[in-house]
Structures are given as structure tokens and as C-alpha cells.
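Visitor: Build me a model:
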Amino acid sequence: MKEAKYYSKKGTDVICMLCPHSCVIPPGASGLCKARKNVDGILYSLVYGRPSSFQIDPIEKKPLYHFLPGSHTLSFGTLGCNLTCKHCQNWEISTAAPQQGEPQVGAPDVVDAALKKSCTSISFTYNEPIISMEFVLAVCREASLKGLKTVIVSNGYVNPEPLKDLIPFLDAANIDLKSFDDQFYQDICGAHLQPVLETIKSLKEGGVHLEITNLLIPTKNDDMDMIKEMAGWIATNVGRSIPLHLSAFHPSHKLLNISPTSSTLIKQAREIALGSGLRYVYAGNIKSKEGGNTYCPSCNKLIIIRKGFKVGETHLKEGACSCGQEIYGVFQS
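Guide: Coordinates of the predicted model:
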């Protein structure tokens with residue numbers, strides 16, 4: 001176990017200040033995320049250096065379409081989560097309780113593994129990386145010394161102070177914006193919307209490459225007026241060039257009685273988001289000729305061709321289209 005950061009003491013209880021839940025944790029108990037435990041008045045991380053998943057992925061799988069397209073990333077995940085989403089696609093690891101014990105890997109081990117596999121980045125993904133903030137910070141610091149980029153795939157439910165500590169060592173983030181409705185967050189995820197919106201703004205202001213994913217669940221968060229409102233908020237608050245990935249839901253965990261998202265709905269939502277001012281909107285988890293490719297927002301030229309998670313032709317020169325339009329992103333020279 002590793003002593004955690006971001007907590008205070010209240011008698012024999014500890015108050016975790018990592019995320020907006022602010023769990024008050026009595027001795028011997030863990031917080032909502034299951035990853036942080038009060039042992040004799042000290043808050044410990046139970047997931048420090050303890051991977052549940054450790055493998056090489058294409059960066060497009062995160063999904064990140066404008067961050068080093070065509071590259072590979074070393075993906076690292078632990079156990080637990082600070083949300084309780086009823087539709088979780090990785091619920092086997094997000095709902096699991098970590099086991100106590102000595103760390104299995106150190107930060108240098110993760111960085112060395114990425115370098116040996118010729119990865120250009122390390123991604124914290126599969127479950128919520130924020131709950132293992134101490135290890136994420138350690139790896140990100142080590143990676144910055146070795147020339148590796150760092151990525152989080154996160155629900156964005158984190159307090160400002162920990163996020164402020166992470167941003168200087170973070171290169172990219174994909175934030176899963178579950179819905180643009182606070183009631184959805186309360187009913188389906190056990191959380192609130194506003195902290196996620198604040199995280200998105202802070203990442204953009206901090207210079208972190210940002211992309212956003214929205215999973216569309218039929219009858220739950222697929223209202224087209226809400227999609228329009230969400231796209232408008234993104235365009236106004238973090239910029240029209242922030243890529244938005246609209247993904248299809250497949251029955252999982254506690255929402256097995258809801259039908260999969262149709263390709264028609266995804267395509268309709270994509271058109272609305274594009275019509276609301278966003279320049280790059282992608283269709284995920286469906287077959288779509290246009291929805292996975294990148295087009296120049298100025299001349300509409302096809303500049304990055306994708307098939308699934310594979311990048312085919314790329315027509316960019318120093319991050320710009322041949323017409324001179326600069327394309328948002330981080331591209332390999």
C-alpha cells in the first residue's frame with residue numbers, strides 16, 4: 001500500500017478530497033471507489049502499481065483521433081471507479097475491490113515497458129485513472145523525463161487541486177461526458193454533471209490535448225435537443241475544434257433491457273453536432289464511411305482515412321491541410 005495524497009483527518013475518520021464525493025471514511029473502510037482505505041487514520045491507495053490490464057493499443061482505441069494518429073500506446077488500468085454507472089462496459093474491473101499488498105510494478109517499469117514496445121505514449125484507461133492519482137502522477141513524471149507522452153481516459157470526476165497537480169505532466173485526455181443532463185448523472189452514474197464540465201474547461205485551459213466521448217443510450221440520453229445543447233456548450237466553452245466521439249451503446253451491466261444504439265441515431269446526432277458548430281465529430285462503434293475519417297473544416301478535403309482503429313492515408317503537412325487550414329491536434333512530423 002502507498003499513502004494517498006489529498007485527504008484530511010476528522011477524528012479517527014479521514015476525508016478523501018480527490019474527487020467531488022468527498023468520502024468520509026471510518027477506520028478499516030474504503031471510499032466509494034474501493035481504491036482508497038483508512039488504515040489507523042492514514043488514507044492509503046490500494047491500487048498503486050497494481051495493474052488489472054497492461055497491454056499495447058492503437059491510440060485510436062482510446063479514442064483519440066487527433067493525437068499522434070497511427071501510433072501505439074501502452075495502456076494501463078487498475079481496479080475500481082468513483083462512479084457507479086449502470087451501463088459500464090468494463091464493470092468487471094470497475095466494480096472490483098482491489099486487494100491489499102505490495103506494489104507489483106513501479107513507475108520506471110511502466111515507462112521502460114512502453115519504450116521497449118516502441119510506444120509513443122502511456123495511457124491510463126480501462127477503469128477510472130483518477131482513483132490511482134498517486135501512481136498516475138509518478139508515471140507521468142517519469143515519462144516526461146524519457147520523452148514519452150501521457151494520456152488519461154477519464155470520467156472527469158476529480159477535484160480542482162489534484163487536477164492542477166496532474167495537468168503539467170499530462171499531454172492528452174479523452175473525457176467521457178456521460179450526458180448533458182445532471183439528472184442522468186445522478187440516476188445512472190451516481191454523480192453530478194458540473195464537476196465534469198469544470199474538468200473539461202481546466203484541461204483545455206491547461207494546454208492538454210482534449211477530446212470528448214459521449215455514449216448515446218436509447219431513451220436515456222439520446223434527446224437531440226440535449227445533443228445540440230451539449231455540442232453548443234463544447235463549441236462555446238472549449239472550442240469548435242475539440243473532437244467529439246459519439247459512441248453506440250451495447251447492453252451491459254445493469255442496463256441489459258435497453259436496445260443497442262442504432263446507426264441512424266448516431267448519424268443523426270453527428271449531423272446535429274456538426275450543425276451546432278463543432279468541426280470534428282466522429283461516429284463510434286458503428287460502420288460509417290464518413291464518421292471515422294477526418295475532413296478539413298475549411299475545404300472539406302479528406303485528410304485522414306481510418307478503417308476501424310487503423311489509420312490509412314494521411315494528407316497533412318506540418319499539421320495543416322493543403323489549403324492552409326491548421327488542423328487541431330498533435331501530429332507526428
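Visitor: So the closest residue in space to residue 245 that isn't next to it in sequence: helix, strand or coil?
Guide: Taking C-beta to C-beta, 6 or more residues apart in numbering as the measure, residue 245 lies nearest to residue 213, with 4.4 Å between them; neighbours along the chain are not counted. Heads up, the C-betas are built off the backbone N, CA and C, glycines and all. Remark: residue 213 carries the secondary structure label strand [criterion: DSSP: H, G, I helix; E, B strand; the rest coil].
Visitor: quick one: residue 213 and residue 133, what's the gap?
Guide: Per C-beta to C-beta, to the nearest Å, residue 213 is found 21 Å from residue 133.
Visitor: of the two, who's got more company?
Guide: Each of residue 213 and residue 133 has its neighbours counted (other C-beta atoms under 10 Å); residue 133 has more, 26 against 20.
Visitor: Would you mark the buried spots in stretch 297-316?
Guide: The neighbour-count check on stretch 297-316 (16 or more other C-beta atoms under 10 Å) flags 297, 303-304, 306, 311, 316 as buried.
Visitor: Return the two entries of those that lie farthest from one another.
Guide: Of all pairs drawn from these, the greatest distance, 19.0 Å, lies between 297 and 311 (C-beta to C-beta).
Visitor: Contacts only, for the most centrally placed residue in the chain.
Guide: Ranked by distance to the mean C-alpha position of the chain (C-alpha atoms, centre = their mean), the top residue is residue 153 at 2.2 Å. Contact analysis of residue 153 by C-beta atoms under 8 Å, 6 or more residues apart in numbering lists 62, 123-126, 129, 173-174, 176.
Visitor: Can you flag which of the residues you listed belong to strands?
Guide: 123-124, 173-174, 176 (DSSP state E).
Visitor: This structure: helices as residue ranges?
Guide: With DSSP state H as the criterion, the chain has helices at 91-94, 107-116, 133-145, 160-166, 182-184, 194-205, 224-237, 263-275.
Visitor: May I see those helices arranged in CSV, with mean pLDDT and distance to residue 58 as well?
Guide: Shown next, in CSV, are those (pLDDT from 0 to 100; distance: least, C-beta to C-beta, whole Å):
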stretch, mean pLDDT, distance to residue 58
helix 91-94, 94, 21
helix 107-116, 97, 14
helix 133-145, 98, 19
helix 160-166, 98, 24
helix 182-184, 98, 30
helix 194-205, 98, 22
helix 224-237, 98, 25
helix 263-275, 96, 21
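Visitor: Single out the most deeply packed of those helices.
Guide: helix 133-145 (a mean of 21; mean count of other C-beta atoms under 10 Å).
Visitor: same for it, what does it pack against?
Guide: Helix 133-145 makes packing contacts with helix 107-116, strand 121-124, strand 149-154, helix 160-166 when contacts are defined by 3 or more C-beta pairs under 8 Å, 6 or more residues apart in numbering; DSSP states H and E.
Visitor: redo that, cut-off 10 Å
Guide: Taking 3 or more C-beta pairs under 10 Å, 6 or more residues apart in numbering; DSSP states H and E as the contact definition, the neighbouring helices and strands of helix 133-145 are strand 2-3, strand 42-45, strand 72-77, helix 107-116, strand 121-124, strand 149-154, helix 160-166.
Visitor: Surely residue 82 touches residue 95?
Guide: No - distance between residue 82 and residue 95: 11.9 Å, which falls outside the contact criterion (C-beta atoms under 10 Å).
Visitor: Just want to know which of those two has more residues nearby.
Guide: Between residue 82 and residue 95, residue 82 has the larger neighbour count (other C-beta under 10 Å), namely 27 against 16.
Visitor: which residues touch the more buried one?
Guide: Under the criterion of C-beta atoms under 10 Å, 6 or more residues apart in numbering, the contact list for residue 82 reads 16, 18-21, 23, 31-36, 94, 127-128, 130-131, 155, 157-158, 189-191.
Visitor: One more pass at 8 Å, please.
Guide: So, once contact is read as C-beta under 8 Å, 6+ apart, residue 82 ends up touching 18-19, 21, 31-33, 128, 130-131, 155, 157, 191.
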